[in-house]
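Peer 1: I would like the atomic coordinates for the input below:
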Amino acid sequence: MVLTFGASYYVTHHHKETLVHYIPMKQCNVLLCIEPNHEGAHVLIDAPDHIKTTPNERLVNQAIRAYGVNPKVVKSRLFS
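Peer 2: Prediction:
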């Protein structure tokens with residue numbers, strides 16, 4: 001949780017044209033950072049090792065598509 005807050009603070013204050021979307025979930029926290037002009041995106045997932053993130057992929061995919069970003073250009077990173 002602290003890691004996602006720190007990442008969102010850094011992105012919002014140092015990259016003014018980047019869009020940040022926080023996706024709260026019961027089992028994990030997801031931070032979606034979209035580059036300017038929707039050229040790409042980064043998904044940061046903060047979840048414990050024993051939590052399966054597969055059921056939540058649908059919600060993350062919907063959020064990515066809602067902003068008009070192609071899911072193939074999204075780079076994801078999982079933090080434990």
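Peer 1: Give me the spatial nearest neighbour of the spatially most central residue of the chain, chain neighbours excluded.
Peer 2: Centroid check for the chain by C-alpha atoms, centre = their mean gives Leu32 as the closest residue, at 2.4 Å. Nearest non-adjacent residue to Leu32, counting by C-beta to C-beta, 6 or more residues apart in numbering: His21, 4.3 Å away. Where you see a C-beta, it was placed from the backbone N, CA and C, and this is true even at glycine.
Peer 1: what's the answer for Asn29, then?
Peer 2: Sequence neighbours aside, Asp46 is the residue nearest to Asn29 in space, at 4.4 Å (criterion: C-beta to C-beta, 6+ apart).
Peer 1: List the beta-bridge partners for the one you found.
Peer 2: Residues in a beta bridge with Asp46, per DSSP bridges, are Asn29, Phe79.
Peer 1: Look at Leu78 and say how many residues are nearby.
Peer 2: If you count neighbours by other C-beta atoms under 10 Å, Leu78 ends up with 12.
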